[in-house]
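Novice: Quick one, fold the following:
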Amino acid sequence: MSRKTMLILVTVLAALPLSWAVAADATAPAPSSAPAPAARCVPADAILGLELSRPQPLLDLACSPKLIAAVTSLPAYQRAAAQPKFREMQGGIAFLEARLGVRWPEALEKLLGGGLLLTVHPQEGVLLVIDAKDAQLLADLHQVLLDIARGEAAKAGQPDRVYSKSYAGQTVWTFGTNEAHVLLGSRLVLANRPALVKQVLDLRAKGTETLASQPAYQGAKQAAGAEAIGLAFANLKVLKQLPNLRKALARPDNPLAALLLAALPETAGQADWLGLGLGLQGTTLRARAVLGGQAAAGGSKTAFAVPPRPADGALPNLTVPGLIASVSLYRDLHAFYAAKDELFPERTSGLIFFENMMGIFFSGRDLTDEVLAETRPEIRLVVARQKYDPAVGMPRTQLPGFAAVFHIQHPEKAGELAEEAWQKALGLVNFTRGQKAEPGLILDRDVYEGVRYSLARFGTAGVQDKTDLDVRFNFRPALARVGDFLVLSSTDGLAKDLIDALKKEAAESVRALAQTHSRIEVDGAQLAAILQANRPAMVRQSMVEKGKTQQQAENDFDFLVGLLGRLARARLDVGTAAGQPEVRLDVKIDLP
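Specialist: This is a model prediction of the structure:
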């Protein structure tokens, strides 16, 4: 597909609100002064909103040759481009280009370059405000779409469905029961209810009690900063009345979920609004979210995830070859489990059973004061692609390796505790597998870079085809201690990589991420690679579970992998700033 076609497609997708829901007066509007900011004309009862105040960087990225080449190279795009409806759309775009006398890449900038604001209001009201750079081009497009709407209405025998009325000195147009709009010079106001358009016209004259005066919008504006391309906001006071959201913001009753999510549900449940600032630097999209109103960084029940001093926080993520995802957490496991009766009073019986099982592995030692007290709050998790030993073979289903790295108080003591529990756990696995007449794990010890570590593996004696091994050969569990860190890994290969990473970290004197209690990073290219390695199995699974044809399953799979392959990196940080919860997200797109 040519570059021209992709530019046209990007333009049409961005301009759908105009091309689907707008008809306009044949008379071009008279020149007027620059309109007031859109937020000063929008009703204050907006529940959700998205504002792009500086859309030009996004438009430049959308029309960049590199992005066009990346999108048009996707198999899913090429299949869509071969469909008759796609060619019909191309014909429609060519028609509009001829009528307007401008190519769509230029039209996109002129029609959307002034910014846009999309808001959601009570009773499912939706309002869109678009500021064009070229009022005449906007009027010309209105005229073309008006002609088309009138023609389609006449063909349907309903010529009266396209009409206009005067309100507050302006012409309000509609061509259906759920659409109304008005042109205000270079501004287009479009809504799914005429009442919303009338409210905008009333506020335009009065200018009181608008969206711009609301805390949610102001908080989002502050979070965005002067260099942001846009912002999003949500009125949580209203949204929390929805049963599903209220349930989602309730404190998790699952201990694992409560440990991972930390204070987020509690703080979000207390907050009055959510603000999100959007930025774009090159091909990196940045977002910074803040919760405002009554939200606090965390209460006594979530103190286990709140760094007590300004310089405290989670450690930087570890980097290993083939890294798919990494997580770094600040979680005081001792404080968390010590407060279990207060946090999870309804889970007492289940936790008693858990403690009894842990008592077996740790020889009756107290789980809270003798085991978890040996851990420090810094915990890191790693997921990475495996490197399979040719002498062992390749499993038919390839799973990534995964590991947990714990920071420990007393290395020698904690190392022995962990070694004892690890051996007992593997013994239990072998006993259970033996009862089922399944092969067990062979325990061993080895040395790597001066670090002695324990490992276990499945034997290959009697295995005929080493290119199609059972899924169990994805696992070669290993336990290693590197200085003050304990590594528990699903494979010895990943354990070795982590030994290298921890030794390098020790030499560089890495500092904690101040006041950040969670960091998550994902490498899209590596994730796409592990999915691609399991393509046949995943396609079959999609066919069986979702009833798709093989072609449909392959198309969906290839589209997903293609998109993930362009995600160079995504990083999410969760912590506090000035005593308020803060979330920061960076997403980098990999262009050719």
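
Novice: Q550: how many residues sit nearby?
Specialist: Using other Cβ atoms under 10 Å, Q550 has 11 other residues around it. Where C-beta positions appear, they are placed from N, C-alpha and C, glycine not excepted.

Novice: could you pull out the strands for the stretch 451-592 of the chain?
Specialist: Here the stretch 451-592 of the chain has its strands, by DSSP state E, counting those that start in this stretch, at 451-458, 478-482, 485-489, 516-522, 567-577, 580-589.

Novice: can I get those strands in JSON lines with distance to P439, mean pLDDT and mean neighbour count?
Specialist: Output for the strands of the stretch 451-592 of the chain, formatted as JSON lines (distance: least, Cβ to Cβ, whole Å; pLDDT from 0 to 100; neighbours: other Cβ atoms under 10 Å):
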{"stretch": "strand 451-458", "distance to P439": "6", "mean pLDDT": "95", "mean neighbour count": "19"}
{"stretch": "strand 478-482", "distance to P439": "18", "mean pLDDT": "97", "mean neighbour count": "24"}
{"stretch": "strand 485-489", "distance to P439": "21", "mean pLDDT": "97", "mean neighbour count": "24"}
{"stretch": "strand 516-522", "distance to P439": "34", "mean pLDDT": "94", "mean neighbour count": "22"}
{"stretch": "strand 567-577", "distance to P439": "38", "mean pLDDT": "87", "mean neighbour count": "18"}
{"stretch": "strand 580-589", "distance to P439": "43", "mean pLDDT": "84", "mean neighbour count": "18"}
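
Novice: Mind putting those strands into a markdown table with distance to A107?
Specialist: Shown next, in a markdown table, are the strands of the stretch 451-592 of the chain (distance: least, Cβ to Cβ, whole Å):
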| stretch | distance to A107 |
| --- | --- |
| strand 451-458 | 62 |
| strand 478-482 | 59 |
| strand 485-489 | 55 |
| strand 516-522 | 36 |
| strand 567-577 | 30 |
| strand 580-589 | 24 |
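
Novice: pretty sure L96 is touching I148, no?
Specialist: No. Counting by Cβ atoms under 8 Å, L96 does not reach I148; the two are 9.6 Å apart.

Novice: Mind checking which of the two has more residues around it?
Specialist: Neighbour totals were compared for L96 and I148, and L96 leads with 22 against 17 (other Cβ under 10 Å).

Novice: Taking strand 451-458 as reference, get the angle to the longest helix seen in the chain.
Specialist: The residue-count maximum for a helix in the chain (DSSP state H) belongs to helix 411-435. Here helix 411-435 runs at an angle of 10 degrees relative to strand 451-458 (axes from the mean of the first three to the mean of the last three Cα atoms, to 10 degrees).

Novice: Remind me what helix 411-435 packs against, helices and strands.
Specialist: Under the contact definition 3 or more Cβ pairs under 8 Å, 6 or more residues apart in numbering; DSSP states H and E, helix 411-435 sits against helix 348-361, strand 441-448, strand 451-458, strand 478-482, strand 485-489.

Novice: So which of those is nearest G230?
Specialist: Nearest to G230, of all the helices and strands packed on helix 411-435, is strand 485-489, at 41.5 Å by Cβ to Cβ.

Novice: Residues in contact with that closest one: which ones?
Specialist: For strand 485-489, the surrounding residues in contact (Cβ atoms under 8 Å, 6 or more residues apart in numbering) are 401-408, 414-415, 418, 422, 453, 477-481, 495, 498-499, 502.

Novice: Mind checking the strands of the stretch 451-592 of the chain for the one nearest to T177?
Specialist: strand 580-589 (39.1 Å).

Novice: the inter-axis angle of that closest one versus strand 516-522?
Specialist: 20 degrees.

Novice: Note down every partner strand of strand 580-589 and its orientation.
Specialist: Strand pairing for strand 580-589, using DSSP bridges, gives strand 284-293 (antiparallel), strand 567-577 (antiparallel).

Novice: can you pull out the helices in the stretch 101-250 of the chain?
Specialist: Here the stretch 101-250 of the chain has its helices, by DSSP state H, counting those that start in this stretch, at 104-112, 135-155, 194-206, 215-224, 236-239, 243-248.

Novice: Pull out the buried positions in the third one.
Specialist: What it means is helix 194-206. Using 16 or more other Cβ atoms under 10 Å as the test for burial, helix 194-206 gives 194, 196-201, 203-204.

Novice: No further queries at this time; thank you.
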